[in-house]
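Student: dropping the sequence and predicted coords here.
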There are 2 protein chains.
Amino acid sequence: MIGSLYAAHLSRVTDVWVLTRRLEHARALEASGLTVSGRADFTGTLHATDDPAQLPAVDVAIVATKGTELDAAARALEGRLPEAMVVTVQNGLGAEQVVRRHGAWPLVSGVTFMSGTRHDDTHVEYILDTETWLGPYNGLPYDRVEELARLIERSGLKARAFPDLRPAQWSKLIFNATVNAVAALTGLPHDPHFAAEERPSDLGHLVHALVDEGKAVAAAAGIELHEDPWEMNVLATRRGSAHYPSMLEDVEAQRPTEIELITGSLVREAERLGVPAPLHTALYRLVKAKEDSWLLQREPEGRQE
Amino acid sequence: MIGSLYAAHLSRVTDVWVLTRRLEHARALEASGLTVSGRADFTGTLHATDDPAQLPAVDVAIVATKGTELDAAARALEGRLPEAMVVTVQNGLGAEQVVRRHGAWPLVSGVTFMSGTRHDDTHVEYILDTETWLGPYNGLPYDRVEELARLIERSGLKARAFPDLRPAQWSKLIFNATVNAVAALTGLPHDPHFAAEERPSDLGHLVHALVDEGKAVAAAAGIELHEDPWEMNVLATRRGSAHYPSMLEDVEAQRPTEIELITGSLVREAERLGVPAPLHTALYRLVKAKEDSWLLQREPEGRQE
């Protein structure tokens, strides 16, 4: 869905190829283009294929899959696109290393705050028109990142280049690890419960403690955060309509979640740095166990009261 | 359901009156008796009414409601049953104090490990034929508890009297707070996941940490536990068919859970004693938030990936 927003917008300022998983999706895009509604209103014309071998030599490849599908997507590009700079825009940490295992492309780190809804193969609704943040990975010249940010801006999306993306990446990591796991476990969308700290039972106390744990891990990693995740949380819950975090949607559809890439990466960093993160570790194990529960056959045996 | 198991069995050795909430339930019990299947196979004959004023002067009243209905049940007995000894068999801590607010009856503390399934108003299946443990509350002579335990045993159920029930009550409290909340949040029945401690993501690590937190609270309260809740957990998960904790069933049916009486009472004791209990507190807030989520209308606004 995020990938569709990039593809459609960029098709207005440059040639775009979309690599799909399904042949019929590629055919539909070739035949009908990609329509954006919501915050924008146009249909982009682009090329699409489900066969990586059909991709021409592009300058930039944006890998915008869900984290759980990243490895397969990067593998599909192995040995291809020799001149491309590859951009990762997954949640969590470590997407760059996953892509790196499959090729020596120059890499751009990205995080995006955009959101939308996929209506069908050729129609995406652009909902939150927030920024994509980009930074060089492992020594890529910064002017190439700035150039890419300008291209994305010309296409009608919002983008911003940072010489060092990690402060922003970590702000979003802590925010995401907290909000996604709590939403996935409680069934609550990201609403005012997440900021409530009045009664002892209020959820905001837990959210605050999770954010503080994450900040301690970031500090130990030498990261000065770009934004305070607690402030991001409070602001987001005041936005009016509550946002459904993707992990809550995954849980409701019983799909594999991004818990390993989001909370998992935070917990592993805490472990590596010797910083305690008992609450994130607890939520990590609870969401993993929830994924396991979908494999079981439900057949209640008895009640105990 | 637990109340039905007591009523049916006790009707074989003494006169039993059942106080129901619904008139048709009382009428059905009067007309058809109460049938037990499973571990036993008989139909008990008893009296039933939905009107507390109809109850005769009984010697013993067993209050076996769900914790969330305890206060209403005790209120219904206010000013009645002057000669009765009242037995509480709720999960968690504090049932005795709730009953005490409504009358000066001598009290017996109970915890039960029985389980069953309610099939309809006049049929209950007896599944786990485990013990009910009883102890005197606030100075009640111990021989009255022993006498009650013998009566329950004669009726065909298993019972055991303890001069001090708190070590058993706390063992079950820690076990219940841990297993119920984890099951409610993950959707897992009480199965081998709860004892798995091999991989870092394994749920058993969290269960173990929750048990250890609970044991520290018990120690600070001066309680020497009757059984190690971790051992109770490991044994129960080896029982073959996985048990559905009542809080998981409540969550699946979107009914109010016993979280306040179980985890809530443990968290409040920790607070009172100045012992940290961050993991139980986290689970307490997550389950409370999950209950809140049932009040919301589900209308996804958009996905963010």
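Tutor: Nice, thanks for sending it over.
Student: make it CA atoms for all contacts and neighbour counts henceforth
Tutor: Noted.
Student: off-centre distance for the helix or strand bottoming out on mean pLDDT in chain A?
Tutor: Least confident helix or strand of chain A, by mean pLDDT, DSSP states H and E, is strand A:115-120 with a mean of 91. Relative to the chain's own centre, strand A:115-120 is displaced by 15 Å; criterion: CA atoms, centre = their mean, to the nearest Å.
Student: okay, it in PDB with CA atoms only?
Tutor: C-alpha atoms of strand A:115-120 as PDB (Å, rounded to 0.1, in the frame of the first residue of the first chain):
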ATOM      1  CA  SER A 115      -0.800   5.900   5.500                       C
ATOM      2  CA  GLY A 116      -3.400   4.800   3.100                       C
ATOM      3  CA  THR A 117      -5.900   2.000   2.300                       C
ATOM      4  CA  ARG A 118      -5.500  -0.400  -0.600                       C
ATOM      5  CA  HIS A 119      -9.000  -0.600  -2.300                       C
ATOM      6  CA  ASP A 120      -8.000  -3.000  -5.100                       C
END
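Student: what sits up against the next helix or strand after that strand?
Tutor: Next helix or strand after strand A:115-120 toward the C-terminus (DSSP states H and E): strand A:123-128. Applying CA atoms under 8 Å, 6 or more residues apart in numbering or on different chains, the contact partners of strand A:123-128 are A:1, A:4-5, A:34-40, A:113-119, B:302.
Student: restricted to buried residues, select these in ChimeraX.
Tutor: Buried members of those can be picked out in ChimeraX with the line below, counting by 16 or more other CA atoms under 10 Å in any protein chain shown:
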select /A:1,4,5,34,35,36,37,113,114,115,116,117,118 /B:302
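Student: who are the neighbours in contact with the closest residue to A:V179 other than its chain neighbours?
Tutor: In space, and not counting its chain neighbours, A:V179 is closest to A:H190: 6.9 Å by CA to CA, 6 or more residues apart in numbering or on different chains. Contacts for A:H190 (CA under 8 Å, 6+ apart) come out as A:179, A:183, A:236-237, A:242-245.
Student: if you set the cut-off to 7 Å instead, what comes out?
Tutor: A:179, A:183, A:237, A:242-245 (CA atoms under 7 Å, 6 or more residues apart in numbering or on different chains).
Student: ok but A:A26 is inside a strand, no?
Tutor: No. According to DSSP: H, G, I helix; E, B strand; the rest coil, A:A26 belongs to no strand; its state is helix.
Student: A:L46 is in contact with that one, correct?
Tutor: No. Contact criterion CA atoms under 7 Å: A:A26 and A:L46 do not qualify, at 10.0 Å.
Student: for A:S115, give the beta-bridge partners.
Tutor: A:L128 (DSSP bridges).
Student: quick check: it vs A:L5, distance?
Tutor: For A:S115, the distance to A:L5 equals 9 Å [CA to CA, to the nearest Å].
Student: which among the contacts of A:H190 count as buried?
Tutor: Neighbour-count burial (16+ other CA under 10 Å) applied to those gives A:179, A:183, A:237, A:242-245.
Student: so can I have TSV of these showing secondary structure?
Tutor: Shown next, in TSV, are the buried ones among the contacts of A:H190 (three-state DSSP):
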residue	secondary structure
A:V179	helix
A:A183	helix
A:T237	helix
A:A242	coil
A:H243	strand
A:Y244	coil
A:P245	coil
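Student: re earlier: packing partners for the least confident helix or strand of chain A?
Tutor: Secondary-structure packing of strand A:115-120 (3 or more CA pairs under 7 Å, 6 or more residues apart in numbering or on different chains; DSSP states H and E): strand A:123-128.
Student: is chain B within reach of the helix or strand that the strand it packs on is followed by?
Tutor: Sequence-wise, the next helix or strand downstream of strand A:123-128 (DSSP H and E) is strand A:132-136. No. Counting by CA under 7 Å from any CA of the partner chain, chain B is not contacted by strand A:132-136; separation bottoms out at 12.1 Å.
Student: now do strand A:132-136: distance to the chain's middle.
Tutor: In terms of CA atoms, centre = their mean, the centre of strand A:132-136 is set 13 Å apart from its chain centre.
Student: which parts of it are buried?
Tutor: A:132-136.
Student: how about residues contacting the next helix or strand after it?
Tutor: Once the chain leaves strand A:132-136, the next helix or strand it forms, by DSSP H and E, is helix A:142-154. Outside of helix A:142-154, the residues within contact range by CA under 7 Å, 6+ apart are A:10, A:108, A:134-136, A:158-161, A:163.
Student: ok, 10 Å please
Tutor: A:6, A:9-10, A:12-14, A:60, A:85, A:87, A:107-109, A:131-137, A:155, A:157-164 (CA atoms under 10 Å, 6 or more residues apart in numbering or on different chains).
Student: just the ones of those residues in helices?
Tutor: If you go by DSSP state H, those have A:6, A:9-10 in helices.
Student: thought A:V60 was touching A:A84?
Tutor: Yes. A:V60 sits in contact with A:A84 when judged by CA atoms under 10 Å, with a separation of 4.9 Å.
Student: give me the common contacts of those two.
Tutor: Common contact partners of A:V60 and A:A84 (CA under 10 Å, 6+ apart): A:105-107.
Student: show me the helices in chain A, by range?
Tutor: Shown for chain A, the helices assigned by DSSP H span residues A:2-10, A:23-32, A:70-76, A:95-100, A:142-154, A:166-186, A:203-220, A:229-237, A:246-252, A:263-273, A:278-293.
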